[in-house]
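[1] Below: sequence and its predicted model.
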Amino acid sequence: QVQLVESGGGLVQPGGSLRLSCAASGSIFRINAMGWYRQAPGKQRELVATITSGDNRNYSDSVKGRFAISRDNAKNTVYLQMNSLKPEDTAVYYCNADLVIKSFSGSYILKNYWGQGTQVTVSS
């Protein structure tokens, strides 16, 4: 059973920091791109940041300079360091990953997975 499990969300005051983690587990052959998305109440899910297997990073304009994405390949984990948090960063944050897994037939296939989400609330 392949899954992504997020942690690190919570309540923080404006200007504060949080670090999200997302660990991939199961029969994973290789992890390609990983990323973070978020969805605020009444809004569509949006890209926050992505990181490729070659460590190329991409950020949405709204978080550039404040958030940093990184990964630890040995731990199959991606992180999102969030600094200078603003109330508009309040959302459920979802981890996403492109994983190469071994299918029941024994072949290797590429599948996209989502985590269950972790709530981040920025409020005084």
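    Noted; the coordinates are in hand. Numbers count the residues shown, from 1 in each chain.
[2] how about the strands of the chain, start to end?
    Using DSSP state E, the strands of the chain run over 3-7, 10-12, 18-25, 28-39, 46-51, 57-59, 67-72, 77-82, 91-102, 108-114, 118-122.
[3] The second one: which residues count as buried?
    Along strand 10-12, the positions that meet the burial threshold by neighbour count (16 or more other C-beta atoms under 10 Å) are residue 12. Heads up, the C-betas are built off the backbone N, CA and C, glycines and all.
[4] chain center to that strand: distance?
    17 Å (C-alpha atoms, centre = their mean, to the nearest Å).
[5] I'd like to know which elements that strand is packed against.
    Counting contacts by 3 or more C-beta pairs under 8 Å, 6 or more residues apart in numbering; DSSP states H and E, strand 10-12 is packed against strand 118-122.
[6] now for the strand it packs on, which elements pack on it?
    Short answer (3+ C-beta pairs under 8 Å, 6+ apart): strand 118-122 packs on strand 10-12, strand 18-25, strand 91-102.
[7] ok, the first one: who's next to it in the sheet?
    Strand 10-12 has the following strand partners under DSSP bridges: strand 118-122 (parallel).
[8] tell me the angle of the strand it pairs with relative to strand 28-39?
    Counting by axes from the mean of the first three to the mean of the last three C-alpha atoms, to 10 degrees, strand 118-122 lies at 40 degrees to strand 28-39.
[9] what's strand 118-122 in contact with?
    6-14, 16, 18, 20, 38, 82, 85-93 (C-beta atoms under 8 Å, 6 or more residues apart in numbering).
[10] Repeat the analysis, applying 7 Å as the threshold.
    6-9, 11-12, 14, 18, 20, 85-87, 89-93 (C-beta atoms under 7 Å, 6 or more residues apart in numbering).
[11] From these, keep the buried residues only.
    6, 8-9, 12, 18, 20, 85, 89-93.
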